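[1] whatever this is, show me its structure:
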Amino acid sequence: MRIYLSLLLLLIASLLQAEQAKFIQTPYKEPKVIYDFYFNDPQKINSALYWIRSYINPLIEEPYGYAPEFMDIKVLIHGTEIVTVAKKNYKKYKEAVERMRYYAQLGVEFKVCGLAAHDYGYQTSDFYDFIQLVPSAIPELAHWQMEGYAVIAPNIMDKKFSIEEIR
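    Residues are numbered from 1 along each chain as shown. Below you'll find the model as predicted:
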């Protein structure tokens, strides 16, 4: 009887173990993306920058082993978050600016829509040296998409619950 009970428990344990998720190693190639930053709140840029980290970090690890300098990553800024890259607002957006500066040192290109800059009353001299001013965001997005870049538009939601509350 004990043998049957032991076999039954072993069978149940093996069935439970077989019913788990399976890790798949996707064969990622040629990291080429352009992020479309267009937010209704400048503070959302802080969360959006984590999308860049979430892109870079897995690709620098094995089995991929891409160096960040060889990833082709662009960020197009054309919403209210444009104020975060205006030098006069450094104190207010210091954390975001320093993270962007760090990513720029890794090769990420930060582009600002010239039309949006004009609407905010900004000129080229109002932005940091790691910012590139482009004529307009929409043709810029279309251009890079036609060049084979994936367009990633972060959807930044307001956090209402902690992970512990909803787990």
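
[2] tell me the contacts of Y128?
    Listed by CB atoms under 8 Å, 6 or more residues apart in numbering, the contact partners of Y128 are 85, 87, 97, 100-101. To be clear about C-beta, it is placed using only N, CA and C from the backbone, and glycine gets the same treatment.

[3] tell me the buried residues within those residues.
    In terms of neighbour count (16 or more other CB atoms under 10 Å), the buried residues within the contacts of Y128 are 85, 97, 100.

[4] in a markdown table, list those along with distance to N57 and secondary structure.
    As requested, those are exported to a markdown table (distance: CB to CB, whole Å; DSSP: H, G, I helix; E, B strand; the rest coil):
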| residue | distance to N57 | secondary structure |
| --- | --- | --- |
| V85 | 23 | helix |
| V97 | 21 | helix |
| M100 | 17 | helix |
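
[5] nearest to F110, of the contacts of Y128?
    Comparing the contacts of Y128 against F110 with CB to CB places M100 closest, at 5.8 Å.

[6] for that closest one, which non-adjacent residue is spatially closest?
    Among residues not flanking M100 along the chain, F110 sits closest, at 5.8 Å (CB to CB, 6 or more residues apart in numbering).

[7] how many residues are close by the residue nearest to W51 when sequence neighbours are not counted?
    Of all residues not flanking W51 in the chain, P154 sits nearest, at 4.6 Å (CB to CB, 6+ apart). By other CB atoms under 10 Å, 20 other residues sit near P154.

[8] P154 and S47 touch, don't they?
    Yes - assessed by CB atoms under 8 Å, P154 is found in contact with S47 at 7.3 Å.

[9] most centrally placed residue in the protein?
    For the chain, W51 is the residue whose C-alpha lies nearest the centre (CA atoms, centre = their mean; 1.9 Å).

[10] ok, now which ones touch it?
    W51 sits next to 35, 152, 154 when contact means CB under 8 Å, 6+ apart.

[11] just those: which are in strands?
    Counted as lying in strands by DSSP state E, out of the contacts of W51, are 35, 152.

[12] out of the contacts of W51, flag the one nearest to K92.
    Of all the contacts of W51, the one sitting nearest K92 is P154; the distance, using CB to CB, is 20.7 Å.
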